[in-house]
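Peer 1: sequence first, predicted model second:
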Amino acid sequence: MSASAPAPARTHEAAISARGIVRDFEAGQTTIRVLHGIDTDIRSGEMTYVVGESGSGKTTLISIMCGILWPTEGEVRVFGTDIYALSDTELVNFRLKNIGFIFQQYNLIPSIDVAANAAVPLIAGGMGVSEARERAKALLDKLNIADQADKLPNQLSGGQQQRVAIARALVHEPRLVVCDEPTAALDARSGRRVMDLLREVAVAEDRACIIVTHDNRIFDLADRILVLEDGRVIHDGADMPEDQ
Ligand SMILES: Nc1ncnc2c1ncn2[C@@H]1O[C@H](COP(=O)(O)OP(=O)(O)OP(=O)(O)O)[C@@H](O)[C@H]1O
């Protein structure tokens, strides 16, 4: 490229493109519509928060966006793949390879040690146990808990267990990381540390991170905030709206 050639434009590819997302749940004889035709893109290179009052549909929306809950209507493309057009097996494999999940409950396996817990996605993807453990330990080291690698989860503090859950979500280097209330159980300092780590590992030009949160201590760390109300997006911007 010559010195005068223009630099390539920095584009934010849509990590997730959601179109016309409707979700109904059956409740006895009636049907409740929880999402009312949501159209939104989640961009690569950004940390996107989904916020809103309890019951507004946040968990339902991110579950649909990451291939664990079928929409009643609509289409979801994750890095260009129409995920609900895949077969069940293809979708499981797509999730395993491309998506890491962090939930408020750490869901660690109590009977295996920390390194094995963090290595689960690699082993599930076919990697040999010893190589998977080594890779998991490298990430545990980055998270400052390598010295806990041989312990069982219940020998760790809540914040340490959370870091193991983060290691497990990131160990296979998924392009998309989806977190539901990742800091709710943590004190302010640990919560910000978790967010720093997520940004370091999960946000890059070809990666994206979505976080559902009520935690206003971390709102300033978002690149973009979607506010849901009664199953509709009522705000989409870099900051929280003034009235929230
Ligand atoms: N499996 C289900 N069956 C019936 N109704 C459901 C089901 N899952 C969710 N809902 C309803 O859908 C609505 C949205 O729920 P959702 O969990 O997505 O909200 P949320 O914004 O994540 O809430 P919170 O902040 O309390 O976690 C709620 O009214 C909830 O009761």
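Peer 2: Received the coordinates, thanks.
Peer 1: lowest-pLDDT helix or strand in the chain?
Peer 2: In the chain, the helix or strand scored least confidently by mean pLDDT, DSSP states H and E is helix 188-202, which has a mean of 81.
Peer 1: could you point out the helix or strand that follows it?
Peer 2: Later in the chain than helix 188-202, the nearest helix or strand by DSSP states H and E is strand 208-212.
Peer 1: partner strands of that next one, with direction?
Peer 2: Paired strands of strand 208-212, with direction, are strand 47-52 (parallel), strand 176-180 (parallel) (DSSP bridges).
Peer 1: find the centremost residue of this structure, please.
Peer 2: Centroid-nearest residue in the chain: residue 178, 0.8 Å away (criterion: Cα atoms, centre = their mean).
Peer 1: give me every residue that touches that residue.
Peer 2: Contacts for residue 178 (Cβ atoms under 8 Å, 6 or more residues apart in numbering) come out as 62, 65-66, 99-102, 209-210. (Glycine included, C-beta is placed from N, CA and C.)
Peer 1: pick out the most distant pair among these.
Peer 2: For the contacts of residue 178, the maximum inter-member distance is 14.5 Å, found between 65 and 102 (Cβ to Cβ).
Peer 1: what about those two, which has more around it?
Peer 2: Each of residue 65 and residue 102 has its neighbours counted (other Cβ atoms under 10 Å); residue 65 has more, 26 against 23.
Peer 1: isn't that one up against residue 208?
Peer 2: No - counting by Cβ atoms under 8 Å, residue 65 sits too far from residue 208 to count as a contact (10.3 Å).
Peer 1: mutual contacts of the two, please.
Peer 2: Common neighbours of residue 65 and residue 208 (Cβ under 8 Å, 6+ apart) are 16, 42.
Peer 1: enumerate the residues of the chain near the ligand.
Peer 2: 25, 27, 34, 52, 54-60 (Cβ under 6 Å from any ligand atom).
Peer 1: out of these, flag the one nearest to residue 174.
Peer 2: Nearest member of the residues of the chain next to the ligand to residue 174, counting by Cβ to Cβ, is residue 59, at 19.2 Å.
Peer 1: tell me who's in contact with that closest one.
Peer 2: Per Cβ under 8 Å, 6+ apart, neighbours of residue 59: 180, 212.
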